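*Asks:* Take this sequence and fold it.
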Amino acid sequence: MRFFLPLGLAALLIAAGCSKDKDVEPPAALLKFKGTLPVKKLWGDNVGGGKKQVKLRLGLGPAVADGVVFAASHKGEVLAVTLETGKQVWVKKLKQPLSAGPAAGSGMVILGSSKGTVIALDAANGKERWRVRVNSELLSAPAISEKVVVLRSVDGRLHGLDSASGKELWQVEQQVPRLSLRGTATPIIAKELAISGFDNGKVMAVSLTTGDTVWDTALASPHGRTELDRLVDVDSAVRVVGDDVFATGFQGRTAMMALDSGQIWWAHDMSSYRGLAADDDNLFVTQSDGAVVALHNRDGSELWRNEDIKRRGLSTPVETNTAVAVADYQGYVHWLDKKTGYLVARLRVSKFRVSTPPVAVGDTVVVLDDDGKMAAFRADPAHAGTPVPAPKPLPTKDEKKAAKKAAKDAAKAAKDAAKEAAKAAKASAKAADKAAAKPAAPPPATPPPVVPPPPAEPPAGSSSSPPAEPPAAPSAPPTQP
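*Replies:* Down below sits the predicted model:
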């Protein structure tokens, strides 16, 4: 049996080390800052939703094609409105518990349901074109080309359907672990390839027409003793820039791969379950801890890092002309300057979490929260000021308590050290006074000089002449002729 773990719960359990003795840090408080990028709300709408939709964490996000925004609810309502004004184009009510999509392209709008039903609608009027079933829940929007629709199901399969009829053309499968995060990667289509991430930490590219595997690269390998430690899901869409593929995974790596072979050119350890955005020069990654990081495309070196909105359950980032936008668990949308990472604007959609990726078109960002409230915002970079760093966050109650205790301990240590120093100085002074009061010792007595005794007198009758010399040694015998 396979089990799904909600993203937020997985992050909390891993952050706490699965121990009740460790406190999980709270979400970063939102501080006031000087907004330098003017942003205004263009329009708002409601696609339905409700408590059930909020709890299920579905893959229902906005899609934009040809100046029209498409959105759907779990109750089966599909809505089309204009991007500029939010004026309603059409509404379609389907008797299906929708859970994935919509995706828009090639004149179609495609959605998936919790029961595995795939429905294609006409983008112009909402009329149904075809309906098929893939026998597995769908939690991410499909990818659409003129001939093939590609979608990922929660059973580890990647399906290719005929765009005109919905008939299945091919399917490929990856092994799925016993425990994984709830959600699936959104597949993408690039240069006749369908590319998607999987729950086992792999990224796979297959032929769009035949489904044959072109390459299969492990972005991360499961390791650790517990099932939580072994989570390596790639649940976000990869990004393709030119001939390069960029991908990121949970408890895995962020990497750059070759589009034609899947060879990894560079990779950095970086956990993310929301995903990344990319432009021609840089990547923007929402990490699992809520930090937003910018990396250079060519070598993966870090450009900047923003931790002002850590642990706020951020969405996938989207890039506009001059900024990066992310939404959080309280319905706030944050704009970060592309070059510095500084916060430049903040507005709120609602009080509900935003789990699905926002959509950006130029400087316009469309956001749909988990309760079905949708809004479009537009930035005005022509009147933007110079970005400045956000103020440092005020210390929390626990941080204040810890700082107070540390100051108290430091004061006590300093007081004790002063007492010891005074005690040592007092002892040293006492020893010096005692040494000064003691009388000096007399100098040592000089010993009398030593007089050698007189020479002894010779005995009577002895001669005073010097002793006789010893006899000479005999000479050598003469040499014979």
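
*Asks:* from the chain's centre, how far out does the longest helix along the chain sit?
*Replies:* The longest helix of the chain (DSSP state H) is helix 397-437. Helix 397-437 has its average C-alpha position 45 Å from the chain's average C-alpha position, going by C-alpha atoms, centre = their mean, to the nearest Å.

*Asks:* same check, this time on stretch 171-184
*Replies:* Distance of stretch 171-184 from its chain centroid, counting by C-alpha atoms, centre = their mean, is 22 Å.

*Asks:* in the helix or strand where residue 170 lies, what counts as buried?
*Replies:* Counting by DSSP states H and E, the element that carries residue 170 is strand 168-173. Judged by neighbour count (16 or more other C-beta atoms under 10 Å), strand 168-173 contains these buried residues: 169, 170, 172. Every residue, glycine included, has its C-beta placed from N, CA and C.

*Asks:* Paired strands for that strand, with orientation please.
*Replies:* The sheet places strand 168-173 alongside strand 157-162 (antiparallel), with pairing taken from DSSP bridges.

*Asks:* wait, which of the buried residues of strand 168-173 is closest to residue 58?
*Replies:* Distance ranking of these against residue 58, using C-beta to C-beta, places residue 172 first at 24.3 Å.

*Asks:* Tell me who's in contact with the nearest residue to that closest one once chain neighbours are set aside.
*Replies:* Distance criterion C-beta to C-beta, 6 or more residues apart in numbering; nearest residue to residue 172, sequence neighbours excluded, is residue 158 at 5.0 Å. Under the criterion of C-beta atoms under 8 Å, 6 or more residues apart in numbering, the contact partners of residue 158 comprise 150-152, 171-174, 187, 194, 196, 204, 206, 211.

*Asks:* who wins for most neighbours among these?
*Replies:* Among those, residue 152 has the most neighbours (other C-beta atoms under 10 Å), with 32 neighbours.

*Asks:* Kindly list the main-chain dihedrals of the residue positioned nearest the centre of the chain?
*Replies:* In the chain, the centroid-proximal residue (C-alpha atoms, centre = their mean) is residue 287; its distance is 2.7 Å. Reported as degrees, to the nearest 10, the phi and psi values for residue 287 are phi -80, psi 160.

*Asks:* Identify the residue spatially nearest to it, adjacent ones excluded.
*Replies:* According to C-beta to C-beta, 6+ apart, the nearest residue to residue 287 is residue 272 (5.3 Å).

*Asks:* who's in contact with the one you found?
*Replies:* By C-beta under 8 Å, 6+ apart, the neighbours of residue 272 are 236, 248, 249, 250, 254, 285, 286, 287, 288.

*Asks:* Let's have these in TSV, adding secondary structure and distance to residue 411.
*Replies:* Putting the contacts of residue 272 into TSV (DSSP: H, G, I helix; E, B strand; the rest coil; distance: C-beta to C-beta, whole Å) gives the following:
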residue	secondary structure	distance to residue 411
236	coil	50
248	strand	47
249	strand	48
250	coil	45
254	strand	46
285	strand	44
286	strand	43
287	coil	39
288	coil	40
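
*Asks:* Residue 376: what secondary structure?
*Replies:* strand (DSSP: H, G, I helix; E, B strand; the rest coil).

*Asks:* Need the pLDDT of it.
*Replies:* The model reports residue 376 with a pLDDT of 98.

*Asks:* Count the residues that sit near it.
*Replies:* Burial of residue 376, expressed as a neighbour count using other C-beta under 10 Å, amounts to 27.

*Asks:* My read is that it contacts residue 363, right?
*Replies:* No - in this structure, residue 376 is not within contact of residue 363 by C-beta atoms under 8 Å, at 11.0 Å.

*Asks:* sorry, back to before: name every strand pairing with the next helix-or-strand element following the strand holding residue 170 and say which way it goes.
*Replies:* For strand 168-173, the following helix or strand on the C-terminal side (DSSP H and E) is strand 179-181. Counting by DSSP bridges, the strands paired with strand 179-181 are strand 3-5 (parallel).

*Asks:* what about the partner strand, average pLDDT?
*Replies:* Looking at strand 3-5 alone, the average pLDDT works out to 56.

*Asks:* For beta bridges, what are the partners of the residue lying closest to residue 213 once chain neighbours are set aside?
*Replies:* If the residues on either side of it in the chain are set aside, residue 213 comes closest to residue 206, at 5.4 Å by C-beta to C-beta, 6+ apart. Beta-bridge pairing of residue 206 under DSSP bridges involves residue 194, residue 213.

*Asks:* Pull the contacting residues for residue 206.
*Replies:* Applying C-beta under 8 Å, 6+ apart, one finds that residue 206 lies in contact with 158, 160, 170, 172, 193, 194, 212, 213, 214.

*Asks:* go on, residue 85?
*Replies:* For residue 85, the contacting residues are 42, 43, by C-beta under 8 Å, 6+ apart.

*Asks:* On the three-state scheme, the closest residue in space to residue 299 that isn't next to it in sequence is what?
*Replies:* Distance criterion C-beta to C-beta, 6+ apart; nearest residue to residue 299, sequence neighbours excluded, is residue 266 at 6.0 Å. Secondary structure assignment for residue 266 (three-state DSSP): strand.

*Asks:* list the contacts for residue 266?
*Replies:* 255, 256, 299, 300.

*Asks:* What score does the third one have for pLDDT?
*Replies:* Going back to what we said before, that points to residue 299. You'll see residue 299 listed with a pLDDT of 95.

*Asks:* if we can go back for a sec, which among the contacts of residue 266 count as buried?
*Replies:* The neighbour-count criterion (16+ other C-beta under 10 Å) marks 255, 256, 300 among these as buried.

*Asks:* now, which of these lie within strands?
*Replies:* Assignment to strands by DSSP state E places the following of the buried ones among the contacts of residue 266 there: 255, 256.

*Asks:* could you dump the buried ones among the contacts of residue 266 to TSV with distance to residue 329?
*Replies:* Formatted as TSV, the buried ones among the contacts of residue 266 follow (distance: C-beta to C-beta, whole Å):
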residue	distance to residue 329
255	28
256	30
300	28
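
*Asks:* In a strand, residue 44, correct?
*Replies:* Yes - the secondary structure assignment for residue 44 places it in a strand, going by three-state DSSP.

*Asks:* right, and it touches residue 377 too?
*Replies:* No - between residue 44 and residue 377 there is no contact, the gap being 9.9 Å when judged by C-beta under 8 Å.

*Asks:* Which of these two has more residues huddled nearby?
*Replies:* For residue 44 and residue 377, the more surrounded residue by other C-beta under 10 Å is residue 377, and the numbers stand at 24 against 14.

*Asks:* May I have the beta-bridge partners of that one?
*Replies:* Under DSSP bridges, the beta-bridge partners of residue 377 are residue 41, residue 365.

*Asks:* quick one: it and residue 41 touch, right?
*Replies:* Yes - counting by C-beta under 8 Å, a contact exists between residue 377 and residue 41, whose distance comes to 5.5 Å.

*Asks:* what do the two both touch?
*Replies:* Both residue 377 and residue 41 are contacted by residue 347, under the criterion C-beta under 8 Å, 6+ apart.

*Asks:* follow-up on the earlier one: export the contacts of residue 158 to TSV and tack on pLDDT and distance to residue 67?
*Replies:* Written out in TSV, the entries for the contacts of residue 158 read as follows (pLDDT from 0 to 100; distance: C-beta to C-beta, whole Å):
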residue	pLDDT	distance to residue 67
150	98	24
151	97	25
152	97	28
171	97	34
172	97	35
173	96	38
174	95	37
187	98	25
194	98	27
196	98	28
204	98	34
206	98	32
211	97	33
